[in-house]
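>>> Here's a sequence, model it:
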Amino acid sequence: MNGTAPSAKQRLVVGISGASGVTYGVRTLDALRDLGVESHLVVTRAALLTLSQETDLSADDLMGRADVVHRLNDVGASIASGSFRTLGMIVAPCSVRSMSEIATGVTSTLLTRAADVVLKERRPLVLMVRETPFHLGHLRTMTALAEMGAVIAPPLPAFYARPASIEEMVDQSVGRALDLFGLDWTPVKRWEGLRGAAE
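Got it, this is the predicted structure:
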């Protein structure tokens, strides 16, 4: 034997925090199921409140979309260790509070601990930050995270894709975020150049 292990199953950690836009997390889980990527979900208490306000889904409906669900206070969870191999982590949506905890490294929940692990292991961390307008403290926090290697990816609509519904706008943002992990989700509409442009 040459000591080479078979390729590990692709896994992605999905954090859902309490910012508005819980549908981004829901559709991220749906996308990972479509792509055959194992999802490891951790959800904040505030996110469950947002779920009840913004959707008709129950907590069980949300959890049922994930392959593995981790309790928010489970510091012994697999995703709390860098030796547990993943593609990285996406926080969708990402509240300013969660973003700030991740930036300082003073993590109080499994969501922010898992994000800290992803950063220290130099794996992709994508934060779909939901807030506007940003004040200087927010911007400085995002700069610090970018310097640490995180990708700040607010879910902004791509109008060149000619979305016909909110669902299409959400899927485009989710798919573009998943591009950052090398995952190609079918609903994404790709730019193919200007239509009717002069030669």
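
>>> what about G175, distance to L51?
For G175, the distance to L51 equals 21 Å [C-beta to C-beta, to the nearest Å]. The way it works is simple: take the backbone N, C-alpha and C, and place the C-beta from them, glycine included.

>>> got it, and R97?
From R97 to L51 the distance is 17 Å (C-beta to C-beta).

>>> Same drill for those two, tell me which one is more crowded.
Comparing R97 with L51 by other C-beta atoms under 10 Å, the one with more neighbours is L51, at 22 against 15.

>>> Which helix or which strand is home to that one?
Element membership of L51, judged by DSSP states H and E, is helix 45-54.

>>> Also L127?
Using DSSP H and E, L127 falls in strand 125-129.

>>> Give the buried residues for stretch 49-65.
50-51, 57, 62, 65 (16 or more other C-beta atoms under 10 Å).

>>> likewise stretch 95-103?
Buried residues in stretch 95-103 (16+ other C-beta under 10 Å): 95-96, 98-103.

>>> would you list the buried residues of stretch 49-65 in CSV and tack on distance to Y160 and pLDDT?
Formatted as CSV, those follow (distance: C-beta to C-beta, whole Å; pLDDT from 0 to 100):
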residue, distance to Y160, pLDDT
T50, 29, 97
L51, 30, 98
L57, 30, 98
L62, 31, 98
R65, 29, 98
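
>>> for these, which one is nearest S165?
Distance to S165 across those (C-beta to C-beta) is lowest for L57, with 17.9 Å.

>>> Look up how far M63 lies from the closest one.
Distance, L57 to M63, using C-beta to C-beta: 10 Å.

>>> again with V22
Taking C-beta to C-beta as the measure, V22 falls 13 Å from M63.

>>> Which residues are in contact with T112?
T112 sits next to 98, 101-102 when contact means C-beta atoms under 8 Å, 6 or more residues apart in numbering.

>>> Right, I'll leave it there.
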